[in-house]
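Student: Quick one: sequence and predicted model below, then my questions.
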Amino acid sequence: MNSIAFSSSDIALRRCLATILNPGALALIQDRGRFGYQHLGIGASGVADSHGAGWANRLLGNSSGDAVIELCLGNFRMQFKSEGRFAIAGADLGWRLDGERLENWCSYRARAGAKLEASIATDGLRGYLGFSGGVDAPLICGSRATSQGDGLGGLKGNGEPLAKGDVLTFGCPMNSGIHDASVRAVPSQFRRTYGTAVTLRVVPSNQFNAFSADCVHQLLNTSYTVAPDSDRMGVRLAGSALPEPPGNLISEPVSPGAIQVPANGQPIVLMQDCQTIGGYPKLGHVYRVDLDRLAQARPGAQVRFVMGNRAESQHEWLLQSQFFSSAVVGANA
Amino acid sequence: MFQIVDSGDTAITVYLADKPSEHSLSRVLTFAERLKRLLGDRVQDIVPSYCCVTLYFDILRCDYFVLRRTIRELGEALDTEQASRCEGEQAPLITLPVYYGQESAPDMARVSRACELSSNEIIHLHSSQTYRVFALGFRPGFAFMGDVVESIRVPRLESPRKRVPAGSVAIAGNQAAVYPSASPGGWNLIGRCPTPLFSCSSGQPEVLLSVGARVRFQQISRDEYVQLGGCFDE
């Protein structure tokens, strides 16, 4: 209501600032990703867990395309230079605001000068920190997502993760309607815990028919362990090797969710920062909605695969995408 | 060959050939072009490579079954037509200058031993061939080019370098490439090219090579390399 009266220059003046005191293990500005440039070799990147990030934005009445901060493991500290609103979701990083413990999956208001800190994740791997109006960063190929491999996106646009001393800019809380509420919370039935085991549903894809029945049987009957060298490019799985996977093929486009099987028979599930083309045979693709779960699996977590189907995979992704891109009632008054 | 396969819940891959060749490239380019003309910005991306085209779509904006039908109809049209156009003739020819000097070619001596050829012979063989770009990937603007002549084909390094300087001219097997930016890499480095292949200074990408482009390498001197903006940092 009041907000309509502001011109764009007013809005520019009403930006909020915060300083990173400690980025922790890995703090990245991410959004939904960089689409439409894969034909140039530019990867999609984007948030690893779209459910956690989706809620961080939704709690603030943000657009689903706004940028958030993705924190791997935690140990993060920042200070608000002006009053601001923020939301926390995804892995519980043991958040504190001026020393006071915060409940995960909620939004809060911070006074100017307040210190916000995260300790270490107790459940899950990646926590999301959203700010009202989204985090500012240059749009690189239509996205703010940080791709360290491609050297694109993030605060400076060059793919670097957030560093100590970086100054974040985001929107100020408006003094009307729902924005006055200091705390909004995700309903308990939508809050996730991540645990130490994840089941991934699979749809056969590209080279499925080139894999022997033994390979498929073994994939579906092995309990894999997330290997420590897993990252945003791919989750490496250790377990009994698939017998005689098909050999390497002529390189072709690859995308997140692909289950690649190199010659050693240990599957790799590609994640958001994967390359745009690859030459390992792909047995299937993990449901997009299940990749959110995999993104929260810590090294050592157990992974199992079950066979699913394309229709269900698309349906669930459609529902989740619709949910997070629909406007929050009352938030845009 | 014409085969439509799902690649996850928001991508479809269309296989158009068994192995890469001028013919496969022509089919891939023609198909990608027609898809683009027909679907335009209704899909997120159309990615051609060696033997296939992958189409990415936004599940909120596209109907999977309509896409499948469109692809099938295009494929039928492609198969009944005689591919009369010769894409290779129309593709732009891009000349990339290369300084093959020792300081820019850390693997030249090894390639030379492996192929039992002098470095001058390798330079000659590398630069007297017209290559085609079969795919872009690995890093923004990285073009996979073929085919390297048989006499200078060498395998990738056993353990990749952690950092290959931007502009490095490389070969591996039947493939040739230039690293657009500094990155890890396992190909054999035989020179440096001063021409920028990728930049994104204004937020929009500028990419020199596209799939289908024809490329020739041209030997230049150290002075020319420096004049053209080449450097020896890193």
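Tutor: Cool, the structure landed. Residues are numbered from 1 along each chain as shown, chains lettered A, B, ... in the order given.

Student: Remind me which helix or strand B:Ala32 belongs to.
Tutor: helix B:22-39 (DSSP states H and E).

Student: in the chain, what spans have low per-residue confidence?
Tutor: Picking chain A for this. A:1-14, A:173-182, A:328-333 (pLDDT under 70).

Student: ah, no, chain B please
Tutor: Counting by pLDDT under 70, chain B contains low-confidence ranges at B:81-89, B:234.

Student: Which stretches in it count as helices?
Tutor: B:22-39, B:64-80, B:87-90, B:108-115, B:119-127, B:222-227 (DSSP state H).

Student: So which of these is nearest A:Thr222?
Tutor: helix B:64-80 (30.5 Å; C-beta to C-beta). In short, each C-beta sits where N, CA and C put it, glycine included.

Student: Would you mark the buried spots in the closest one?
Tutor: B:64, B:67, B:70-71, B:74-75, B:78 (16 or more other C-beta atoms under 10 Å in any protein chain shown).

Student: before we move on, what about stretch B:170-187?
Tutor: Residues of stretch B:170-187 classed as buried: B:170-172, B:175-183, B:185, B:187 (neighbour count, 16+ other C-beta under 10 Å).

Student: could you dump those residues to JSON lines with distance to A:Phe190?
Tutor: JSON lines is the format used below for the buried residues of stretch B:170-187 (distance: C-beta to C-beta, whole Å):
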{"residue": "B:Ala170", "distance to A:Phe190": "49"}
{"residue": "B:Ile171", "distance to A:Phe190": "53"}
{"residue": "B:Ala172", "distance to A:Phe190": "49"}
{"residue": "B:Gln175", "distance to A:Phe190": "48"}
{"residue": "B:Ala176", "distance to A:Phe190": "52"}
{"residue": "B:Ala177", "distance to A:Phe190": "47"}
{"residue": "B:Val178", "distance to A:Phe190": "49"}
{"residue": "B:Tyr179", "distance to A:Phe190": "45"}
{"residue": "B:Pro180", "distance to A:Phe190": "43"}
{"residue": "B:Ser181", "distance to A:Phe190": "41"}
{"residue": "B:Ala182", "distance to A:Phe190": "43"}
{"residue": "B:Ser183", "distance to A:Phe190": "40"}
{"residue": "B:Gly185", "distance to A:Phe190": "44"}
{"residue": "B:Trp187", "distance to A:Phe190": "48"}
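
Student: Which single one of those is nearest to chain A?
Tutor: Taking C-beta to the nearest C-beta as the measure, chain A lies nearest B:Ser181 of the buried residues of stretch B:170-187, at 6.1 Å.

Student: still on that earlier bit, of the helices of chain B, flag the one that's most buried.
Tutor: Across the helices of chain B, averaging neighbours per residue (mean count of other C-beta atoms under 10 Å in any protein chain shown) puts helix B:22-39 on top, at a mean of 19.

Student: Which elements pack onto that one?
Tutor: Helices and strands touching helix B:22-39, by 3 or more C-beta pairs under 8 Å, 6 or more residues apart in numbering or on different chains; DSSP states H and E, are strand B:45-49, strand B:52-56, helix B:64-80, helix B:87-90, strand B:131-136.

Student: Pipe the buried residues of helix B:64-80 into CSV and attach distance to B:Leu39 per row.
Tutor: CSV is the format used below for the buried residues of helix B:64-80 (distance: C-beta to C-beta, whole Å):
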residue, distance to B:Leu39
B:Tyr64, 13
B:Leu67, 8
B:Thr70, 7
B:Ile71, 9
B:Leu74, 9
B:Gly75, 14
B:Leu78, 15
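
Student: I'm done for today, thanks for sticking with me.
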